[in-house]
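S.K.: Kindly return the folded structure for what I paste below:
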Amino acid sequence: MNSVNGKIRRTHSGLRVGMVIVRTWRDSRYEVRVCKDGFEWNGQLFNSLSATARAITGVNRNGYEFFGIKDKI
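M.R.: Numbers count the residues shown, from 1 in each chain. This is a model prediction of the structure:
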């Protein structure tokens, strides 16, 4: 996400700063907030959605696939 003239541009995924992405995995609910500089989960800021998914699952995962986000190119 980039800011141009104070306006927030969307990335190809359609995610916007402030959105909350929700995923239930192994009977637990996870909420990740889209931030200007990355993704916030559990009080930590991650530089990618994949890094966030890795922190949740403990293994390398494609973050967009893990959270069920479709590509909108």
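
S.K.: quick one, what contacts the residue minimising distance to the centre of the chain?
M.R.: Nearest to the mean C-alpha position of the chain, by C-alpha atoms, centre = their mean, lies Leu49 at 4.3 Å. When contacts are counted by C-beta atoms under 8 Å, 6 or more residues apart in numbering, Leu49 is found next to Ile21, Val32, Phe39, Gly63, Tyr64, Phe66, Phe67, Ile69. All C-beta atoms are positioned from the backbone trio N, CA, C, and that covers glycine.

S.K.: just Glu65 next, same as before
M.R.: Applying C-beta under 8 Å, 6+ apart, no residues contact Glu65.

S.K.: if we can go back for a sec, quick check: the gap between the closest residue in space to the residue nearest to the centre of the chain that isn't next to it in sequence and Cys35.
M.R.: Closest residue to Leu49 apart from its sequence neighbours, by C-beta to C-beta, 6 or more residues apart in numbering: Gly63 at 2.9 Å. Applying C-beta to C-beta, to the nearest Å, the value for Gly63 to Cys35 is 14 Å.

S.K.: Next: Gly18.
M.R.: Taking C-beta to C-beta, one finds Gly18 at 8 Å from Cys35.

S.K.: quick one, which of the two is more surrounded?
M.R.: Cys35 (14 against 10; other C-beta atoms under 10 Å).

S.K.: Report whether the expected contact of that one with Val17 is present.
M.R.: Yes. Using C-beta atoms under 8 Å, Cys35 makes contact with Val17 at a distance of 6.4 Å.

S.K.: Give the full set of residues in contact with Gly68.
M.R.: Here Gly68 is in contact with Arg23 (C-beta under 8 Å, 6+ apart).

S.K.: Could you check the pLDDT of it?
M.R.: Listed pLDDT for Gly68 reads 91.

S.K.: helix/strand/coil for it?
M.R.: The local conformation at Gly68, judged by DSSP: H, G, I helix; E, B strand; the rest coil, is coil.
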